[in-house]
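Novice: Need coordinates for the below:
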Amino acid sequence: MGDRSSAALDVRVPVVAALTGVVLLLVAGRYGYHRDELYFLQAGRHLSWGYPDQPPVVPFVARTVSAVAPGSLVALRLPSAVIAACVVLLAGMIAQRLGARTGGQVLAAASTALSGVVLAMGHLLSTATFDLLGWTLVAYLLVRLLQGDDHRWWLLVGLVAGITMLANVLVAFLLAGFVVGVVLVGPRRLLLSPWPWVAAGIVVLLGLPYALWQALHGWPQLEVAGNIATGGSGTSTSRLLFLPLVVLQVGPWLLPLWLWGLVRLLRDGTLRSLGATFVVLLMTFWGTGGKPYYLAGLFPLLLAAGAQPFLDWAPRRWMAPALLVLSAPVLLITLPLLPARSAGIVVPVNYDVGETIGWPQLVTQVATAYQRLPPGTAIITGNYGEAGAIDRYGPTLGLPRAFSGHNAFGEWGHPPGTTPVLALGIAPALLRQSCQELRPSGRLMNAYGIDDDENGTSLFYCVPRRPWRELWPRFRHLG
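Specialist: Purely as a prediction, here's the structure:
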């Protein structure tokens, strides 16, 4: 099964990829910014080789797009739509390399296009989107290398993984998982060649600026990862739910395809190490409290590996199309197709939907409360989404810049002296410890009735007990 295919890539594969990108672009401007996108826009104004929770690429992309098309949500999400289209194309190309005929190639591309994680990551600008492309491209290159292609392809593996490291460090787990897979199931002679180690050296060299930034700042990303593992993120999940969410996020009707692909890889003497890589990383992320979508970059490979075997097994020709049709509702769950007022029904399944609705209205409510306070009052928030929204929409409403102790915002300054503040999203207990005068100033409500993280948030007017430079460490947090 590991023999390379002589069949040409079916012309329908790039068509499916292009359609995926077009659909994502058509809906890119609906609802609004995600809290992370608001954060990236502000991080782009503070360009650096690193941030407490991420490498530099995505903030740089956000800044570049904002400079070319200020305020355009569609432009901000254009890179993600292009990436999703490329991932779909690569799935078809992997299937072709694995010997799939035309139908198998199209099934690999179409199932990847209807995968929940691919659609969700293709809709929003995120570090995970760039990670998805990096993992998929590395998987394609590893397939070629295991099938006997020129060892110099390792140089491209190192280049792709190194660049991906500057967007999301999870690609290091892919490389480590592959090495463990090779040690466990072979071909162990692969590690005796100098080329994989040259590739590793390229990855280290390209990732060195971010590693140095992290080292100089006390490795804050390790604390971020620890907080995520203990439930400190809105998308954190329990170990009990990890496996079910893996299945749901990819798409339950696609389970037969990628499971078939996993079994195929594990039974293939040439490609077995790729199947072992998935198993190793599944156990690693499950055991360490990682998020289910951390595995997203391996599903295009698994779907590609399982497409042709599924077609060969299926007793009825309609079974594969039926799986795709049954998977189609994922479009309503992952993309902003419903009216905003009706989107609350998908929030329990897709948390991120709720984080894209109502930010302008929230800032308007903050402005209403702010106008009742003494002139010169500052604003502090409990998370970077709130701060990013105020910085994005607040200037036209007369609001000052927002301060926050969350992640990189905590490094960008604190209110001056003993300036009074309007505080939102901060624990009342912390405010009682820090403020000599504290009184309620309102409550935020989502204008569309979406039960997101900000719905019901209390606002307080606070006069600090001591200068903010002394209090600020209490307000700083990572996660």
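Novice: neighbours around A447, how many?
Specialist: A447 has 17 neighbours, counted by other CB atoms under 10 Å. No exception for glycine: its C-beta is placed from N, CA and C like everyone else's.
Novice: scratch that, G354 is what I was asking about
Specialist: The number of residues packed near G354 is 25, by other CB under 10 Å.
Novice: Which residue, other than its chain neighbours, is closest to it?
Specialist: Nearest residue to G354, sequence neighbours excluded (CB to CB, 6 or more residues apart in numbering): D452, at 3.7 Å.
Novice: who's in contact with that neighbour?
Specialist: Applying CB atoms under 8 Å, 6 or more residues apart in numbering, we find D452 in contact with 347, 354-355, 357-358, 446.
Novice: what two of these are the furthest from one another?
Specialist: The most widely separated members of the contacts of D452 are V347 and G358, with 11.8 Å between them, by CB to CB.
Novice: quick one: what helix or strand has the residue nearest to N350 when sequence neighbours are not counted in it?
Specialist: Spatial nearest neighbour of N350, chain neighbours left out: I333 (5.2 Å); criterion: CB to CB, 6+ apart. Using DSSP states H and E, the element containing I333 is helix 330-334.
Novice: how about that helix: buried residues?
Specialist: Across helix 330-334, burial judged by 16 or more other CB atoms under 10 Å covers 330, 333-334.
Novice: got the residues you listed as CSV, with distance to L145 and pLDDT columns?
Specialist: Formatted as CSV, the buried residues of helix 330-334 follow (distance: CB to CB, whole Å; pLDDT from 0 to 100):
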residue, distance to L145, pLDDT
V330, 33, 95
I333, 36, 94
T334, 33, 95
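Novice: closest to Q221 among those residues?
Specialist: Closest to Q221 out of those is T334 (27.2 Å), distances taken as CB to CB.
Novice: For that closest one, give its distance to T20.
Specialist: Distance of T334 to T20, given as CB to CB, to the nearest Å: 12 Å.
Novice: Repeat that for V204.
Specialist: 34 Å.
Novice: So the two - more neighbours on which side?
Specialist: A count of neighbours by other CB under 10 Å puts T20 above the other of V204 and T20, at 25 against 14.
Novice: just the helices in the stretch 301-450 of the chain please.
Specialist: Per DSSP state H, counting those that start in this stretch, the stretch 301-450 of the chain carries helices over the ranges 319-327, 330-334, 351-354, 359-370, 384-393, 428-434.
Novice: Now do the buried residues in the shortest one.
Specialist: Within helix 351-354, the residues that qualify as buried are 352-354, counting by 16+ other CB under 10 Å.
Novice: Then stretch 298-312?
Specialist: Buried-residue list, stretch 298-312, by 16+ other CB under 10 Å: 298-311.
Novice: out of those, which one sits closest to G104?
Specialist: Distance to G104, by CB to CB, is smallest for Q308 among the buried residues of stretch 298-312, at 3.2 Å.
Novice: Figure out the helix or strand that the residue nearest to that closest one when sequence neighbours are not counted lives in.
Specialist: Counting by CB to CB, 6+ apart, Q308 lies nearest to G104, which is 3.2 Å off, once chain neighbours are set aside. Here G104, judged by DSSP H and E, is contained in helix 102-113.
Novice: which helix in this protein runs the most residues?
Specialist: helix 73-97 (DSSP state H).
Novice: what's the angle from it to helix 102-113?
Specialist: 150 degrees (axes from the mean of the first three to the mean of the last three CA atoms, to 10 degrees).
Novice: any idea how far helix 73-97 is from the chain center?
Specialist: 14 Å (CA atoms, centre = their mean, to the nearest Å).
Novice: Please identify the buried residues of that helix?
Specialist: Neighbour counts over helix 73-97 (16+ other CB under 10 Å) mark 73, 75-97 as buried.
Novice: ditto for stretch 412-426
Specialist: Those would be 414-415, 419-426, for stretch 412-426 by 16+ other CB under 10 Å.
Novice: and of those, the nearest to A113?
Specialist: Ranked by distance to A113 (CB to CB), those are led by G425 at 36.9 Å.
Novice: between the buried residues of helix 351-354, which is nearest L471?
Specialist: Using CB to CB, these come closest to L471 at G354, 31.1 Å.
Novice: Pick out the residue nearest the middle of the protein.
Specialist: Geometric centre of the chain, nearest residue: A128, 2.7 Å, by CA atoms, centre = their mean.
Novice: Just give me the neighbour total for L438.
Specialist: 17.
Novice: residue contacts, it?
Specialist: By CB under 8 Å, 6+ apart, the residues touching L438 are 431-432, 460-463.
Novice: returning to that earlier point: cross the contacts of D452 against strands and list the overlap.
Specialist: With strands taken from DSSP state E, there is no overlap with the contacts of D452.
Novice: ok, those residues vs A28, which is closest?
Specialist: Using CB to CB, the contacts of D452 come closest to A28 at I357, 14.8 Å.
Novice: Please state the offset of stretch 111-120 from the chain centre?
Specialist: The answer for stretch 111-120 is 13 Å, by CA atoms, centre = their mean.
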